[in-house]
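In: Predicted structure and sequence below. I'll ask about it afterward.
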Amino acid sequence: MATAETSPNSIAAQDVHLGGVLMVGPLKPSLAATLTERYNALDLPMGDGRSNFLREHAESVTAVVTSGRTGVDATLMTALPRLGAIVHFGVGYDTTDVALAEERGIGVSNTPDVLTDCVADTAVGLLIDTLRGFSAADRYVRAGRWPVDGNFPLTRKVSGTRVGIVGLGRIGSAIATRLEGFGCSISYHNRHEVPGSAYTYVDSVVKLAAGVDVLVVAAAGGRGTEKLVDRAALEALGPDGYLINVARGTVVDEEALVELLTERRLAGAGLDVFTDEPHTPEALLALDTVVLLPHVGSGTVETRAAMEALTLRNLDDFLTSGTLTTPVVQPKVLAR
Ligand code: 8YV
């Protein structure tokens, strides 16, 4: 059997009580304050000071707290020899090398469920805004154009539209439930058909896109879903079709998306996520057919507080018992 001596990346049960906590990337200020005050957490420098910092502190770190925005890549993971858990604020963890974590017995947690409602609300809000052009209409009024140019151009009806959902997990399902209230017909594509689902399963994204008015992206990010919505799918959606993305920018071929929107070969898009956040493609800024949000899907006071509480619960559980509350991967803690 492996021991802590023969397997340096496995955390001995007694060590986790003494765990050193490292914050990686920007965190919600109240979370960072709690981690600093209650756990004496250290903050990983992002720039030049990193190597010196790691030389001094890497040995003491048993838990990292980070967000989906930053994560822990293979280089950082390898530099932390006693790391036992990577605790994410957020449901997405595509910036962390989960396969390597699993291989090294390092646990990974996220904050599922508590943000489902808000992200689903955002998707529906974006969908309505994009089809009805409310943000563009607001700009029209503010620019004083109503009295000068007359009525705002007609837009697209939302109720009764055909919606295709890419990724029928927790968030995708919550979006579908909400859209049922608008009389939308729902079909979906998922890695696997969801047993017992009332919605129509379609076995490819291209086929799904070809049969709907609006494609809503709710699939997790990461290697397995990179450009899952590719150029062919966007072309299949067509000049009367809309794309809504509340998942990750990487799930969509952003270059193709920008090109098709600019050439009016897609009717519009509502985007809360981008491949190079916080940067957004310049070409989209001039298009009134597009609604752009700065990744605010879960960004309400209530939901962020619930995410913060669940993040701390995962950390506490790991530091006191060596397990995670909402694990993606449970840590392999070895008792000495
Ligand atoms: C988070 C998100 O707020 O949970 C996720 O995966 O995308 C957001 O809702 C964000 O990742 C936190 O930085």
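Out: Now that the structure is in, tell me what you want to look at. Everything numeric here is computed off the predicted structure, so don't read it as measured data. Numbering: from 1, shown residues only.

In: Contacts only, for the residue nearest to residue 277 when sequence neighbours are not counted.
Out: Nearest residue to residue 277, sequence neighbours excluded (CB to CB, 6 or more residues apart in numbering): residue 295, at 5.9 Å. Heads up, the C-betas are built off the backbone N, CA and C, glycines and all. Residues near residue 295 by CB atoms under 8 Å, 6 or more residues apart in numbering: 272, 273, 274, 277, 278.

In: Show the model's pLDDT score for the fourth one.
Out: Read that as residue 277. According to the prediction, residue 277 has pLDDT 97.

In: wait, it sits on residue 248?
Out: No: the criterion here is CB atoms under 8 Å, and residue 277 misses it with residue 248 at 9.4 Å.

In: quick one: the closest residue to residue 327 other than its chain neighbours and residue 274, what's the gap?
Out: Excluding the flanking residues, the one nearest residue 327 by CB to CB, 6+ apart is residue 109, at 5.2 Å. Using CB to CB, to the nearest Å, one gets 26 Å for the distance from residue 109 to residue 274.

In: Relative to the ligand, which of the contacts of residue 295 is nearest.
Out: Nearest to the ligand out of those is residue 273 (CB to the nearest ligand atom; 7.1 Å).

In: In contact with the closest residue to the closest one other than its chain neighbours: list those residues for me.
Out: With sequence-adjacent residues excluded and distances taken as CB to CB, 6+ apart, residue 273 is closest to residue 249, at 4.7 Å. Residue 249 sits next to 271, 273, 274, 275, 276, 277 when contact means CB under 8 Å, 6+ apart.

In: check which helix or strand covers the residue nearest the centre of the chain.
Out: The centroid of the chain falls nearest to residue 92 when counting by CA atoms, centre = their mean (4.3 Å). Of the helices and strands defined by DSSP states H and E, none includes residue 92.

In: so who does it touch?
Out: Counting by CB under 8 Å, 6+ apart, residue 92 has contacts 68, 110, 220, 221, 248.

In: Can you pick out the most distant pair from the residues you listed?
Out: 110 and 248 (13.5 Å; CB to CB).

In: Past the particular helix or strand that has residue 302 in it, which element shows up next along the chain?
Out: Following DSSP H and E, one finds residue 302 within helix 301-321. Moving toward the C-terminus from helix 301-321, the first helix or strand encountered (DSSP H and E) is strand 327-329.

In: quick one, domains of the protein?
Out: Taking automatic domain parsing as the criterion, the chain consists of the domains 13-114+301-329, 116-292.

In: Among the ones you listed, which one carries the weakest average confidence?
Out: Among the domains of the chain, domain 13-114+301-329 scores lowest, with a mean of 94.

In: wait, does it contact the ligand?
Out: Yes: counting by CB under 6 Å from any ligand atom, the ligand is contacted by domain 13-114+301-329 at 67, 68, 69, 89, 90, 91, 92.

In: Pipe those residues into TSV and attach secondary structure and distance to residue 31 per row.
Out: Compiled in TSV, those are given as follows (DSSP: H, G, I helix; E, B strand; the rest coil; distance: CB to CB, whole Å):
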residue	secondary structure	distance to residue 31
67	strand	9
68	coil	14
69	coil	13
89	strand	6
90	coil	11
91	coil	16
92	coil	17
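
In: Tell me which residue of the stretch 201-336 of the chain lies closest to the ligand.
Out: residue 298 (3.2 Å).

In: Pop out the phi and psi values for that residue.
Out: phi -100, psi 10 (degrees, to the nearest 10).

In: if I look at it, how far off is residue 107?
Out: Residue 298 is 22 Å from residue 107, by CB to CB.

In: Same check on residue 197?
Out: Taken as CB to CB, the span from residue 197 to residue 107 is 31 Å.

In: and the two? which has more neighbours close in?
Out: The residue with more neighbours, out of residue 197 and residue 107, is residue 107; 26 against 14, by other CB atoms under 10 Å.

In: pretty sure that one contacts residue 318?
Out: Yes: the pair residue 107 / residue 318 is scored as a contact, 6.6 Å apart, by CB under 8 Å.

In: Spit out the residues that contact those two alike.
Out: 84, 85, 324, 331.

In: ok, now which ones touch the third one?
Out: For residue 324, the contacting residues are 85, 87, 107, 108, 109, 314, 317, 318, 330, 331, taking CB under 8 Å, 6+ apart as the criterion.

In: what does the model give the closest residue to the ligand within the stretch 101-250 of the chain for pLDDT?
Out: Per CB to the nearest ligand atom, residue 115 is where the stretch 101-250 of the chain lies closest to the ligand, at 5.4 Å. Looking at residue 115, its pLDDT stands at 98.

In: looking at it, it is touching residue 88, isn't it?
Out: No: look at residue 115 against residue 88 with CB under 8 Å: they stay out of range, at 11.8 Å.

In: Between these two, point out the one with more neighbours.
Out: A direct count of neighbours by other CB under 10 Å for residue 115 and residue 88 places residue 88 higher, at 28 against 25.

In: okay but that one is in contact with residue 112, surely?
Out: No: look at residue 88 against residue 112 with CB under 8 Å: they stay out of range, at 10.2 Å.

In: All good on my end, thank you.
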